[in-house]
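**Q** dropping the sequence and predicted coords here.
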Amino acid sequence: MRIFETTIRYLGGLIASYELSGKQHQILIDKAKQLTDKMAFAWETPNQTIPWGSVDFDTNSSNLGISNIAEAGTLDLEFNRLSLYTGNDTYRRLAEGSVRTIAGLTDPLPGLAAQGIDPATNAFVGNKISWGGGSDSYFEYLIKYARLTNTDDNLFADEWHTAVDSSIKHLQSRSTVQNHLYLADRDDNGDIVHVSSHLACFHGGNWIFGGKLLNNDTIVDIGLELVEACWNTYASTVTGIGPDSFEWLAQDPFQPGDTRPNRTQIVFYIQHGFFITRSEYVLRPEVLESNFYAWRATGDTKYLARAASAVESFKKILHVQSSGGYSGINDVNNATVSRIDNTESFWFAEVLKYLYLTFDDPDHISLDKSYAPY
């Protein structure tokens with residue numbers, strides 16, 4: 001079982017259900033404890049701080065191998081809550097210790113941890129930097145954990161702030177068409193790669209959230225620009241739904257890792273300021289997640305209209321009449337393309353959650369009056 005996926009999908013689900021049902025059903029915490037006691041075998045020795053990526057629940061043995069900062073550093077919110085509700089601080093110490101280890105390593109750029117990490121040595125593997133898959137939720141959880149714990153320990157907020165400042169300095173990139181603002185990747189050789197993804201599009205909302213917490217209007221404003229660019233990937237396709245990954249032609253120099261677009265991609269780029277590199281939509285939430293934060297931060301009703309537009313696209317394109325469910329599609333720029341016969345759990349846990357919160361009364365679950373949902 002993958003520790004990261006099990007934590008965010010199952011452990012988080014159990015704890016959130018316990019909280020949202022008024023903390024009445026102790027069985028949910030009992031099962032969360034049972035599950036996490038199994039996951040704890042990912043820390044194979046008492047001195048190990050970075051967990052292995054997966055555990056065989058039958059044998060309680062870890063599957064050894066290189067991990068990444070998203071998998072190792074996206075456990076602390078859930079493990080912290082489990083410690084609170086069980087009175088066992090071991091869970092918090094395990095997950096928090098992993099983040100502290102990552103934050104204590106020498107980064108390729110200030111605050112921007114390398115993506116790969118070896119649990120056997122507590123050392124980075126390679127120098128790739130990204131706000132996309134493999135790194136994304138490590139940065140996401142830094143500022144959320146600071147908000148959740150509200151302690152005098154500034155490590156988490158400071159590390160996030162440093163990462164954002166470095167991203168503004170080193171990763172910020174604008175397209176030559178329409179002047180969209182994106183965050184690029186940095187490859188193992190230190191070259192900027194003008195690539196982004198649906199997964200990475202959480203960053204706009206995360207920056208808005210963190211900027212508000214730190215009273216930093218510059219970060220909020222840049223976050224809003226990132227939201228605009230990611231929403232443009234939805235507004236530009238035939239289906240009204242954004243692709244899994246995309247690139248752009250940047251105002252800064254062409255880099256060795258950049259894709260040379262074909263004729264079709266160039267035509268699309270000239271019209272929209274990005275071109276599609278992976279065309280599928282697998283029910284990901286990040287664009288609507290950031291749209292939600294933008295709505296709550298600004299009150300601008302354009303974000304409500306965008307959420308409503310996404311709902312109509314989902315009903316028209318993704319809805320499976322025979323079952324009543326929703327499926328992914330293979331090409332967001334083709335309204336008649338084949339479906340992906342799968343519904344990911346994050347469709348329910350995140351896409352529908354963020355849509356619900358967008359249309360709900362902002363005072364019901366307020367970002368200003370209580371800790372942010374995770």
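**A** Looks like it came in fine. Here the structure is a predicted model, which means the values were calculated and not measured.
**Q** pretty sure F156 sits in a helix.
**A** Yes - counting by DSSP: H, G, I helix; E, B strand; the rest coil, F156 is part of a helix.
**Q** burial of it, as a residue count?
**A** By other Cβ atoms under 10 Å, the residues close to F156 number 23. Every C-beta, even on glycine, is put in place using the N, C-alpha and C of the backbone.
**Q** pLDDT score for it?
**A** At F156, the model reports a pLDDT of 98.
**Q** tell me who's in contact with it.
**A** Counting by Cβ atoms under 8 Å, 6 or more residues apart in numbering, F156 makes contact with 99, 103, 142-143, 145-146, 149.
**Q** now D188
**A** Neighbour list for D188: 126-128 [criterion: Cβ under 8 Å, 6+ apart].
**Q** closest to S322 out of those residues?
**A** Nearest to S322, judged by Cβ to Cβ, of those is K128 at 42.5 Å.
**Q** now the closest one: closest residue in space that isn't a chain neighbour?
**A** Excluding its sequence neighbours, the residue lying closest to K128 (Cβ to Cβ, 6 or more residues apart in numbering) is Q115, at 4.5 Å.
**Q** report the contact partners of the one you found.
**A** By Cβ under 8 Å, 6+ apart, Q115 lies in contact with 68-70, 126, 128-130, 134-135.
**Q** how much space between it and D107?
**A** Separation of Q115 from D107 (Cβ to Cβ, to the nearest Å) stands at 11 Å.
**Q** what do you get for N60?
**A** Distance of N60 to D107, given as Cβ to Cβ: 33 Å.
**Q** also D89?
**A** 28 Å.
**Q** so which of those two has more stuff around it?
**A** Neighbour count, other Cβ under 10 Å: between D89 and D107, D107 has more, with 19 against 13.
**Q** still on that earlier bit, now the contacts of Q115 in TSV, with distance to N262, pLDDT and secondary structure?
**A** Shown next, in TSV, are those (distance: Cβ to Cβ, whole Å; pLDDT from 0 to 100; DSSP: H, G, I helix; E, B strand; the rest coil):
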residue	distance to N262	pLDDT	secondary structure
N68	31	98	strand
I69	33	99	helix
A70	31	98	helix
G126	29	98	coil
K128	25	99	coil
I129	27	99	strand
S130	24	99	coil
G134	27	98	coil
S135	28	99	coil
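**Q** against L11, how distant is the residue nearest to A200 when sequence neighbours are not counted?
**A** Nearest non-adjacent residue to A200, counting by Cβ to Cβ, 6+ apart: G132, 3.9 Å away. G132 sits 24 Å away from L11, going by Cβ to Cβ.
**Q** which one's more surrounded, these two?
**A** Higher neighbour count among G132 and L11: L11, with 24 against 21, using other Cβ under 10 Å.
**Q** wait, a helix at that one?
**A** Yes - the assignment for L11 by three-state DSSP puts it in a helix.
**Q** which ones are touching the residue nearest to A200?
**A** Here G132 is in contact with 185, 195-197, 199-200 (criterion: Cβ under 8 Å, 6+ apart).
**Q** quick one on the thing from earlier: put the buried members of the contacts of Q115 into a ChimeraX selection.
**A** The buried subset of these, as determined by 16 or more other Cβ atoms under 10 Å, is captured in ChimeraX by this line:
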select :68,69,70,128,129,130,134,135
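**Q** of all the contacts of Q115, which two lie farthest apart?
**A** It's A70 and G126 that sit farthest apart of those, by Cβ to Cβ, at 14.4 Å.
**Q** ok, R9 - how many residues close by?
**A** Neighbours around R9, by other Cβ under 10 Å: 15.
**Q** just the C-alphas of stretch 30-40, formatted as CSV.
**A** The C-alpha coordinates for stretch 30-40 follow below in CSV (Å, rounded to 0.1, in the frame of the first residue of the first chain):
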residue,chain,number,x,y,z
ASP,A,30,-10.3,3.4,15.8
LYS,A,31,-10.1,2.4,12.1
ALA,A,32,-7.9,5.3,11.4
LYS,A,33,-5.5,4.2,14.1
GLN,A,34,-5.6,0.6,12.9
LEU,A,35,-4.7,1.8,9.4
THR,A,36,-1.9,4.1,10.5
ASP,A,37,-0.3,1.5,12.8
LYS,A,38,0.2,-0.5,9.6
MET,A,39,1.6,2.5,7.7
ALA,A,40,4.0,3.2,10.5
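**Q** and it, how far out from the chain's middle?
**A** 24 Å (Cα atoms, centre = their mean, to the nearest Å).
**Q** what do you get for stretch 101-115?
**A** 18 Å.
**Q** buried ones in the least confident helix or strand in the chain by mean pLDDT, by neighbour count?
**A** Sorted by mean pLDDT, DSSP states H and E, the helices and strands of the chain end with strand 61-63, the least confident at a mean of 88. By neighbour count on 16+ other Cβ under 10 Å, the buried set for strand 61-63 is S62.
**Q** ok, residues contacting that strand?
**A** With Cβ under 8 Å, 6+ apart as the test, strand 61-63 has contacts from 41-42, 44, 51-56.
**Q** any idea of the pLDDT on S366?
**A** S366 is given a pLDDT of 88.
**Q** state the distance from it to Q271.
**A** With distances taken as Cβ to Cβ, S366 is found 39 Å from Q271.
**Q** before we move on, what about T106?
**A** With Cβ to Cβ as the criterion, T106 and Q271 are 43 Å apart.
**Q** and what of T7?
**A** 41 Å.
**Q** the longest helix along the chain - what's its average pLDDT?
**A** In the chain, taking DSSP state H as the definition, the longest helix is helix 217-235. For helix 217-235, mean pLDDT rounds to 99.
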